[in-house]
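A.B. asks: sequence and computational prediction follow.
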Amino acid sequence: MSSPVKLAVVYYSSTGTVARIASELGEAATKAGAEVRVLKVAELAPAEAIASNEAWAAHAAASADVPVATPEDIEWADAVILGTPTRFGNVAAQLKQFLDQLGGLWASGRLADKVYSGFVGTSTQHGGQESTLLALYNSVHHFGGVLVAPGYTDPAKFADGNPYGTSHVDAQGANPVDDVTVNAARVQAERVVRFAAAIKAA
């Protein structure tokens, strides 16, 4: 009997939206038979900046016990789903710094042939969701990874509307993660696990 797919869901979240999506992805992947690690990346912002934003401070406290991702988690994984809020249409610095720490794995070919996918949160509609995921996926091409986007492969994706990855508009906290986003995350997680299992079995 083949071993289960090992999936790392690695994310940065300031106020909790991306963390909630990460949790949903992890749960769906576990139900699909994967062995899952849900991991945050290290915070770079100074304590003063975090304390100045009530939602940011609350999430930092609530997520204090979430394990911090390391390059070893990426090496362990057969598949990686990366999550970030948008920052001016680009990947958040915290996640980017984590990716920049993977040079040793890249140089030895240990990032290649894994399945990768991504998810994103924004404050506003058309606030950089697609550009952020496309920027994130540039790294996947350099890794030699196998990019598995959800596409429009399930009716849930026509509700979510983003073929590049699960995305959510939180409207500065006024629009919490809903069933549309949860269903999109399920589709993405199941698809990633399915493709990673096929690659493991090849």
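C.D. replies: Done, it's in. Residues are numbered from 1 along each chain as shown.

A.B. asks: now do the buried residues in the helix ranked longest in the chain.
C.D. replies: Longest helix in the chain, counting residues (DSSP state H): helix 179-201. Applying a neighbour-count criterion of 16 or more other C-beta atoms under 10 Å, one finds 181-197 buried in helix 179-201. For the C-beta atoms, the positions are set from N, CA and C on the backbone; glycine is no exception.

A.B. asks: can you check stretch 134-144 too?
C.D. replies: Neighbour count says stretch 134-144 has 135-137, 139-140, 143 buried, by 16+ other C-beta under 10 Å.

A.B. asks: contacting residues around that stretch?
C.D. replies: 82, 84, 89-91, 95, 99, 102, 106, 109, 111-114, 116, 118, 120, 147, 164 (C-beta atoms under 8 Å, 6 or more residues apart in numbering).

A.B. asks: for stretch 94-111, same thing?
C.D. replies: 10-12, 41-45, 69, 71, 74-75, 82-84, 91, 136, 139, 142-145.

A.B. asks: how long is it end to end?
C.D. replies: Here the two ends of stretch 94-111 are set 19 Å apart, with distance taken as C-alpha to C-alpha, to the nearest Å.

A.B. asks: next one: stretch 135-149
C.D. replies: When the end residues of stretch 135-149 are compared by C-alpha to C-alpha, they are separated by 14 Å.

A.B. asks: count the residues that sit near P85.
C.D. replies: For P85, the count of nearby residues is 24 (other C-beta atoms under 10 Å).

A.B. asks: which SS class is it?
C.D. replies: Following DSSP: H, G, I helix; E, B strand; the rest coil, the label given to P85 is strand.

A.B. asks: let me know the distance separating it from A197.
C.D. replies: 30 Å (C-beta to C-beta, to the nearest Å).

A.B. asks: cool, V148 as well?
C.D. replies: The value you get for V148 to A197, if C-beta to C-beta is used, is 12 Å.

A.B. asks: got the contact list for the nearest residue to R20 once chain neighbours are set aside?
C.D. replies: Of all residues not flanking R20 in the chain, V177 sits nearest, at 4.6 Å (C-beta to C-beta, 6 or more residues apart in numbering). Each residue near V177 by C-beta under 8 Å, 6+ apart is listed here: 17, 20-21, 24, 168, 170.

A.B. asks: can I assume V177 sits in a helix?
C.D. replies: No - residue state for V177 (three-state DSSP) corresponds to coil; a helix is not indicated.
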